[in-house]
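In: Let's see this in three dimensions:
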Amino acid sequence: MDEVAVGPPGAISTSGDVDDRRWSRILGAYREARHTRTLFEIASTALPFLLFWGGALALAAFGHWWGVVLALPAAAFLVRLFMIQHDCGHGALFRHRSANDWIGRAIGVLTLTPYDYWRRTHAVHHASAGNLDQRGMGDVVTLTVDEYAAMSKMQRLGYRTYRNPAILLVAGSVITFIFKHRLPMGLMRKGFRPWLSTMGTNLAIAVLFGLLIWAVGVGPFLLVQLPVTIAAGAIGIWLFFVQHQFEETYWANEDEWTFQAGALHGSSHYDLPAVLRWFTANIGIHHVHHLASRIPFYRLGQVLKDFPELRDRGRLTLRMSFRSARLALWDERSRRLISFRDAAALGRVTPAVSAA
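Out: Have a look, this model is predicted:
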């Protein structure tokens, strides 16, 4: 193994290949949050969101229905707010946990996402990404070819419907952010804290939305709020999807799985244009994020500058990412994600078994 020199960010260098397990230690030097920068990032996101959101509501209230077009930039800034909330959940933006938590909870009212509940489920995702034996919480459901082949016709239809991009993005946005987040799904028997998080967020949302409906009316409110929620939610789900659902991603059973491999090889580098990188708060540098989740989003770009060898790990461009939408099954033999058509062409999927 070649030697690795570790120092302050900007002075770190590597020679040759670095073992997956050593990256987490190397990247630890980037974890320090810069409070002035953090506050600037929050302000430069929250203020424009409130301006576009409030402007759209005001225009709609006075009968200027064309004001709904402002819902689109509002949704874009809401996506970035969610990413800031996400970093708070990892304790990345402030040195003190309470600061991360209360900022995250406040943003959660706007993103319709109960912060403490989501943080807990998201931690499960980070701890098990790429582990075939620990699927089901905080991830997009992914079946192996053999699991799909063993399904009945109706079960296959259900899975194919779920994996349809339009259903996954649009219906998924509505189900997740409007309905699913109102209860601590998956943690309903895990004590009072998940309930406190969801019910507390629900109460805050009810108060805020109730005041807005009183001010502008239910019609104008829904005309603006529904497009903002659905558009932002669909973008968020797409980002989450493409960051783990690509052809050369990584899945393994418990006895072969490692956290480092799941992070570095099971997460993509979604190499977006600069303006989209800003609105998505560098979440596309997902392999680095999974390796060291406490790195603030505004320092992830510096990691790629200092370690150019990480740029091509799981790299997807915007155009390349659209091809990932058809991938739906993990082929344990070729160790890659394939489409339903690919599975049929390989002769791996026989006629569906009858429903028991």
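
In: hey, let's count contacts and neighbours off CA atoms from now on
Out: Fine.

In: in this structure, which residue is closest to the centre?
Out: The residue lying closest to the centre of the chain (C-alpha atoms, centre = their mean) is residue 240, at 3.6 Å.

In: Would you tell me what helix or strand it is located in?
Out: helix 218-242 (DSSP states H and E).

In: in that helix, what's buried?
Out: The neighbour-count check on helix 218-242 (16 or more other C-alpha atoms under 10 Å) flags 220-221, 223-225, 227-242 as buried.

In: Beyond that helix, next helix or strand please.
Out: Next helix or strand after helix 218-242 toward the C-terminus (DSSP H and E): helix 259-266.

In: Dump that following helix to PDB, restricted to CA.
Out: What follows is helix 259-266 as a C-alpha-only set of coordinates in PDB (Å, rounded to 0.1, in the frame of the first residue of the first chain):
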ATOM      1  CA  PHE A 259     -19.600   0.200   5.200                       C
ATOM      2  CA  GLN A 260     -16.700   1.700   3.200                       C
ATOM      3  CA  ALA A 261     -17.500  -0.300   0.000                       C
ATOM      4  CA  GLY A 262     -21.200   0.500   0.300                       C
ATOM      5  CA  ALA A 263     -20.400   4.200   0.600                       C
ATOM      6  CA  LEU A 264     -17.600   4.500  -2.000                       C
ATOM      7  CA  HIS A 265     -18.900   2.100  -4.600                       C
ATOM      8  CA  GLY A 266     -22.700   2.100  -3.900                       C
END
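
In: Might you report the residue contacts of residue 129?
Out: Residues counted as contacts of residue 129 (C-alpha atoms under 8 Å, 6 or more residues apart in numbering) are 259, 262, 263, 266.

In: Disregarding flanking residues, what is the spatial nearest neighbour of residue 315?
Out: residue 269 (4.5 Å; C-alpha to C-alpha, 6 or more residues apart in numbering).

In: okay, now the one you found: neighbour count?
Out: Residue 269: 26 surrounding residues under other C-alpha atoms under 10 Å.

In: ok, which pair from the contacts of residue 129 is furthest apart?
Out: Greatest spatial distance among those (C-alpha to C-alpha): 259 and 266, at 9.8 Å.

In: Tell me which other helices or strands the helix holding residue 240 touches.
Out: In terms of contacts (3 or more C-alpha pairs under 8 Å, 6 or more residues apart in numbering; DSSP states H and E), helix 218-242 is packed against helix 35-61, helix 71-89, helix 172-173.

In: wait, which of those helices is closest to residue 250?
Out: Set against residue 250 and scored by C-alpha to C-alpha, the helices and strands packed on helix 218-242 come closest in helix 71-89, at 23.0 Å.

In: what's next to the helix or strand following that closest one, contact-wise?
Out: Remark: after helix 71-89, the chain's next helix or strand is helix 97-111, criterion DSSP H and E. By C-alpha under 8 Å, 6+ apart, the list of residues contacting helix 97-111 from outside reads 78, 81-82, 84-86, 88-89, 91-94, 114-116, 177, 201-202, 204-205, 229.

In: Alright, I will stop here.
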